[in-house]
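**Student:** Fold the following, please.
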Amino acid sequence: MRYALVIVLVCFAQVASAGPHQVLVLRSEGTADAASRTTIDSHVLRLAKNINGKVDAGDITFTEAAAVVGCNPADAGCKDEMLTTLGVDEVVATTVTASPTGLNVTVRRIGKTGPPKAAQTSVPTGRSPDANLNADIGPMFGLTAAPVVDDKTPPATTQPNPPPPPVTTTTPPPTVAQTDNSTAPISNNNVTAAPNGAVVPVDRPRRRTPKVLMGVGGGFVLLSILMWTQAADVQGQIDDKPEPQSPADIQALRDLEQKGDDIAGAGNLFFLVGLAAGGAGAYLYWKAGRSSNTQTARIAPTAFPGGGGVTLTLGGAP
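**Tutor:** The predicted structure is shown next:
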């Protein structure tokens, strides 16, 4: 599509060759992204409008134009063949390359007579290229631009600098020791010395025991679930066995039932112990956040008429 536009442009230029000075501003090329190159192309075209003559924007780059003509851009005679084929008196070629700090822009004016003219500038990242292009590229097109001023630097002023303010030395007021008149006892259980006399709170191990109890309780509950699962497997084996045909079959069935009962009973015991330990740990953990007293818990197995269980004793230290 671009080559077709070049052919149309060549035909149009051949017809209008007798007109004013013809300038073709080619599209930029380089490693910069397309959006950055498009912005640079628009500003270079505005700068080229300062040339006396007819200035048009091209749809291809300098390298693509050389490929259409069939010459090497590095050869000195390539520009003459290109200008003759395009039917213009001058082309403007732009190269925009990306750098870690921004964009490097090189603009060349390539005419029929005389060596090519070139100008360069750098555009920092995040800055508009207009000021830099006007200052560094504009003079090549006859534009007189003011030098680039960093937008972070305040403009110069011709007013005399105000006299510096007088230097005053202030002496901080003397530190007066404060007397603590409170009658509450001072506890060193939750503070420790730090550099420069600062007092840093220390996390007392009041919540260590509750965390251990909650962990042990959770482990016991998980173990009880595993035992219940194993007891269910034993019950499944009992259900799958055929009707006993001999005393040996009856004894084997009784052994399986006893095994299932033992496992289920152990699971019940572990569940109760885990529930008690986890509940005690959760209670002590909550209690530790509200009171500075150290809470203790004692868990002991206890026999009851017709069964067994555990006892939980909670206590506190003053």
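
**Student:** contacting residues for Asn104?
**Tutor:** 96-98, 120-122 (CB atoms under 8 Å, 6 or more residues apart in numbering). Backbone N, C-alpha and C define where each C-beta goes, glycine included.

**Student:** which of the residues you listed are buried?
**Tutor:** 96, 121 (16 or more other CB atoms under 10 Å).

**Student:** Can you tell me which of the contacts of Asn104 is nearest Asp136?
**Tutor:** Taking CB to CB as the measure, Asp136 lies nearest Thr121 of the contacts of Asn104, at 3.5 Å.

**Student:** which strand residues sit across from the closest one in the sheet?
**Tutor:** Val105 (DSSP bridges).

**Student:** So it sits against Asn132, correct?
**Tutor:** Yes - taking contacts as CB atoms under 8 Å, Thr121 lies within contact range of Asn132: 4.7 Å.

**Student:** who touches both of those two?
**Tutor:** Val105.

**Student:** okay, how far is it across stretch 119-131, tip to tip?
**Tutor:** End-to-end distance of stretch 119-131 (CA to CA, to the nearest Å): 15 Å.

**Student:** what is the mean pLDDT for that stretch?
**Tutor:** Summarised as a single mean, pLDDT over stretch 119-131 is 93.

**Student:** Stretch 34-42 now?
**Tutor:** Averaged across stretch 34-42, pLDDT comes to 94.

**Student:** What are the buried residues along that stretch?
**Tutor:** 36-37, 39-41.

**Student:** Over to stretch 72-89?
**Tutor:** 78-79, 82-83, 85-89.

**Student:** now swap in stretch 112-130 and tell me
**Tutor:** 119, 121, 123, 129-130.

**Student:** Which of these fall within strands?
**Tutor:** 119, 121, 123 (DSSP state E).

**Student:** The first one: what's it in contact with?
**Tutor:** Read it as Ala119. Ala119 touches 106-107, 136-137, 139-140, counting by CB under 8 Å, 6+ apart.

**Student:** now the residues you listed in TSV, with neighbour count?
**Tutor:** Output for the contacts of Ala119, formatted as TSV (neighbours: other CB atoms under 10 Å):
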residue	neighbour count
Thr106	16
Val107	26
Asp136	19
Ile137	25
Pro139	13
Met140	18
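
**Student:** farthest pair in those residues?
**Tutor:** Thr106 and Pro139 (14.8 Å).

**Student:** From the buried residues of stretch 34-42, pick the one nearest Phe271.
**Tutor:** Nearest to Phe271 among those, with distances taken as CB to CB, is Ser36, at 69.6 Å.

**Student:** Quickly find the element holding that closest one.
**Tutor:** Per DSSP states H and E, Ser36 falls inside helix 34-48.

**Student:** what sits up against that helix?
**Tutor:** Against helix 34-48 from outside (CB under 8 Å, 6+ apart): 23, 25, 27-30, 32, 55, 57, 92, 94, 96, 98, 103, 105, 107, 129-130, 133-134, 137-138, 141, 143.
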